[in-house]
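Undergrad: 3D model of this:
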Amino acid sequence: MEDDKINIARNYFKAILKAKKMLQIYPSNNIIYRSALKEAYTIATQYLNHYGDLTCRIKPSEIQLESETVYESTGKTDNLALFFFKEGISDIAFKEGLPETELEELLRLLGVDYEREDTLSDFLSAVWEHGFEYIKFTIDELVFSEGGGSGDGLPGEGTLPLQLSSMDGQSEGAGTLFLSGVQEQGDVMTEGGIAGDGTAAGIRQDDNVLRAYNDALAGDEVVMPSIGELTPEERELLVAEMNRDPAEKSDQLIQILLTLLMESRNAVEAEKIAKSIEDVIFFSIRKNELSPALITLGWIRQVKSDGEDRAEIREQLDHMLSFCGSPQVMEILGHMLDTSKEINEGLLQEYASHLGGESADAFIALLEHLQSIHARRIVNNILILLGKDNIKALSDRLKDPTWYVVRNMVYVLRNIGNSSLLEDILSVARHEHPRVRLEVVKALNDFKSVRALEALRDYFDDFDATVRLSAIAVIGNMAKDNTGARLYARDVLIGKIRSKGFEERDFREKKSFHETLAMFHDKDADAFMLETLKKKSLFGGKKLAESKACAAHYLGLAGAQEASPVLQKLCRSSESLLREHAIAALQRLKDE
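TA: As a prediction, this is how the structure comes out:
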């Protein structure tokens, strides 16, 4: 139970960071960002409903819940722990009843670059101004000991108006920030409260600690890199760094590169940055990670919808889009599908939907080389999604020389659900491979038309027994709830049973015809079967016995009580097959 609590908290901070990243890339009404926000809020609600308030301790490189690490990062960017720590926050609490709007506002504040010259506020001041009710911060008072406050305890100019917290955790006034009585350095507490006695020595000690804070935090200077080709050494370092935590590093890098692309000064710079983006996508997919590609594709769609007017940017957007559907990328995707047992099919469908219907050919080509049935099923589902916008690409591949490609195309066309595709499917009705013909039979079940019924009738004489049996079952399924179809199916089934050579078929196949016919509970069919039971012949032998056994089986299934006297006589037949079926049919009639 305790492990669940910690895991939910870990997932929550991951979701917060993900939603923050999405908000930095997409506008607040974008579906990708809204989905990320919803995920974070759902996890928060799950925790708060089960365990109450979520209160965490802030360290320079980690966030702790009850001494367990729920977030950890040693990076200098996109590091929630370091960001809060630099702001002097020692604890953060999310209260029961947290509304989604308040969580979203926190994400917005976390995404602001407070170091820019045109930013007039800092994070804590912004938090104070918004007056959060369900998100509380505890401030390490040591960080603000040089805040320039006046002697009466009011904040001085340029400092944050802080609020003291009472011993029971309740605020003594309105607001969101709490001044902690605990000093972050060493968490030293005396019985009387804060460490230190207020003497000059104590103040000097606090000054020294504060100076250590400032020296440590002031050491990171942001230097804007020049844009150009990476050297081989730089590429090796980049790959080594990404290998340490490929998913997180790739996501961070792709967002940086996308930002740089939008800020590129000319076509040469834009091309170089786009090439780097493609390198990251390729690297990530080889690691079975689709997130960087999805971030990029979603960003491309958004930029295009916003109407980007720079030709050099539009050109690179098109190039990156083509790259994601290129043969080299598809080859890596195919390997991932064939070898990985934990493919997220939803993410792969999202990837394909970004590429659009034009990528159907690329996925069909991929289908030709996949080895596992599981992988082919996933790609078939993608083609159902894409094929709605590119029917021609699918129909053209019905002429493919590879039988399983044709079979898969029939499956995809069938599941698109467009009645106009029947003729396309029937174009391979006589395909040489039985698996293709079997797929056509299955497809006909979805087309409720006379044309489909006629095609099924033609399969009664197929060369393959499995195809024949499937056609019998499908025509029965199509006809049972439709009067017109039922009459048609009755006539073709009785016609086939009466036909020359039918008695030479396998007994199990003959029974299948009779079982399907029995589904219709038709009086004309009942009369025909009763007539068959009464038939006598000097040279009938085994075949006549089989015909009568099938008729008895039919009458029992159809509930034809009028056949009981004849069936009772046949229960004494010397033919064991006929006798067994007559007894079984009579018992079924008695049980009704």
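Undergrad: which SSE is residue 55 in?
TA: Using DSSP states H and E, residue 55 falls within strand 54-58.
Undergrad: Show me what that strand is packed up against.
TA: On a contact count with 3 or more Cβ pairs under 8 Å, 6 or more residues apart in numbering; DSSP states H and E, strand 54-58 meets helix 2-25, helix 31-51, strand 62-65, helix 80-86, strand 89-94. Backbone N, C-alpha and C define where each C-beta goes, glycine included.
Undergrad: Could you check it and say which residues are buried?
TA: 54, 56-58 (16 or more other Cβ atoms under 10 Å).
Undergrad: Same question for stretch 409-418.
TA: 409-416.
Undergrad: Can you tell me which of those residues is nearest residue 305?
TA: Residue 305 lies nearest to residue 416 out of these, by Cβ to Cβ, at 26.3 Å.
Undergrad: Could you pull up phi and psi at that closest one?
TA: Backbone torsions of residue 416, given as degrees, to the nearest 10, read phi -70, psi -30.
Undergrad: isn't it right up against residue 385?
TA: No. Applying Cβ atoms under 8 Å as the test, residue 416 and residue 385 come out as separate, 9.3 Å apart.
Undergrad: Would you agree residue 513 falls within a helix?
TA: Yes. Membership of residue 513 in a helix is supported by DSSP: H, G, I helix; E, B strand; the rest coil.
Undergrad: what ranges of the stretch 351-500 of the chain fall below the confidence cut-off?
TA: The stretch 351-500 of the chain contains no residues with pLDDT under 70.
Undergrad: for it, what spans make up the helices?
TA: Taking DSSP state H, counting those that start in this stretch as the test, the helices found in the stretch 351-500 of the chain are 360-369, 373-387, 391-396, 403-416, 422-426, 434-444, 450-458, 465-479, 483-498.
Undergrad: out of the ones you listed, nearest to residue 345?
TA: Of all the helices of the stretch 351-500 of the chain, it is helix 373-387 that lies closest to residue 345, at 5.4 Å by Cβ to Cβ.
Undergrad: circling back: so which of the helices of the stretch 351-500 of the chain is nearest residue 259?
TA: Closest of the helices of the stretch 351-500 of the chain to residue 259 is helix 360-369, at 28.7 Å (criterion: Cβ to Cβ).
Undergrad: what inclination does that closest one have with respect to helix 403-416?
TA: Using axes from the mean of the first three to the mean of the last three Cα atoms, to 10 degrees, the direction of helix 360-369 lies 130 degrees away from that of helix 403-416.
Undergrad: for helix 360-369, packing partners?
TA: Using 3+ Cβ pairs under 8 Å, 6+ apart, the elements in contact with helix 360-369 are helix 327-339, helix 373-387, helix 391-396, helix 403-416.
Undergrad: residue ranges with poor pLDDT in the stretch 101-250 of the chain?
TA: By pLDDT under 70, the weakly predicted segments of the stretch 101-250 of the chain are 115-120, 141-249.
Undergrad: pretty sure residue 388 is touching residue 356, no?
TA: No. Applying Cβ under 8 Å as the test, residue 388 and residue 356 come out as separate, 11.0 Å apart.
Undergrad: Let me have the helices and strands packed on strand 54-58 in a markdown table, extended by distance to residue 367, mean neighbour count and mean pLDDT.
TA: As requested, the helices and strands packed on strand 54-58 are exported to a markdown table (distance: least, Cβ to Cβ, whole Å; neighbours: other Cβ atoms under 10 Å; pLDDT from 0 to 100):
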| stretch | distance to residue 367 | mean neighbour count | mean pLDDT |
| --- | --- | --- | --- |
| helix 2-25 | 32 | 19 | 88 |
| helix 31-51 | 28 | 17 | 90 |
| strand 62-65 | 45 | 20 | 94 |
| helix 80-86 | 43 | 20 | 89 |
| strand 89-94 | 47 | 20 | 93 |
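Undergrad: Is it possible to get a markdown table of these that adds distance to residue 449?
TA: Shown next, in a markdown table, are the helices and strands packed on strand 54-58 (distance: least, Cβ to Cβ, whole Å):
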| stretch | distance to residue 449 |
| --- | --- |
| helix 2-25 | 47 |
| helix 31-51 | 38 |
| strand 62-65 | 62 |
| helix 80-86 | 60 |
| strand 89-94 | 59 |
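Undergrad: Of all those, which one is nearest residue 507?
TA: helix 31-51 (58.1 Å).
Undergrad: quick one: that closest one to strand 54-58, angle?
TA: 110 degrees.
Undergrad: Report the angle between helix 31-51 and helix 2-25.
TA: If you take the same axes, to 10 degrees, helix 31-51 sits at 150 degrees to helix 2-25.
Undergrad: Can you give the contact residues for helix 31-51?
TA: With Cβ atoms under 8 Å, 6 or more residues apart in numbering as the test, helix 31-51 has contacts from 5, 8-9, 11-12, 15-16, 18-19, 21-23, 25-27, 54, 94-98, 100, 103-104, 107, 298.
Undergrad: how does it look with 7 Å?
TA: Residues from elsewhere that reach helix 31-51 (Cβ atoms under 7 Å, 6 or more residues apart in numbering): 5, 8-9, 11-12, 15-16, 18-19, 22-23, 26, 54, 94, 96, 98, 100, 103-104, 107, 298.
Undergrad: quick one, it and strand 89-94 angle?
TA: Using the same axes, to 10 degrees: helix 31-51 against strand 89-94 is 90 degrees.
Undergrad: nearest residue to residue 402 other than its sequence neighbours?
TA: Spatial nearest neighbour of residue 402, excluding adjacent residues (Cβ to Cβ, 6 or more residues apart in numbering): residue 368 at 6.2 Å.
Undergrad: ok, the one you found touching residue 403?
TA: No. With contact defined as Cβ atoms under 7 Å, residue 368 does not reach residue 403; the gap is 11.4 Å.
Undergrad: pull the CA atoms of stretch 542-550 into CSV?
TA: Output of stretch 542-550 as CSV, limited to C-alpha atoms (Å, rounded to 0.1, in the frame of the first residue of the first chain):
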residue,chain,number,x,y,z
LYS,A,542,-24.2,-45.8,-46.9
LYS,A,543,-24.9,-42.6,-48.9
LEU,A,544,-28.6,-42.9,-48.4
ALA,A,545,-28.1,-43.5,-44.7
GLU,A,546,-25.9,-40.4,-44.5
SER,A,547,-28.6,-38.3,-46.3
LYS,A,548,-31.3,-39.6,-43.8
ALA,A,549,-29.0,-39.0,-40.8
CYS,A,550,-28.6,-35.4,-42.0
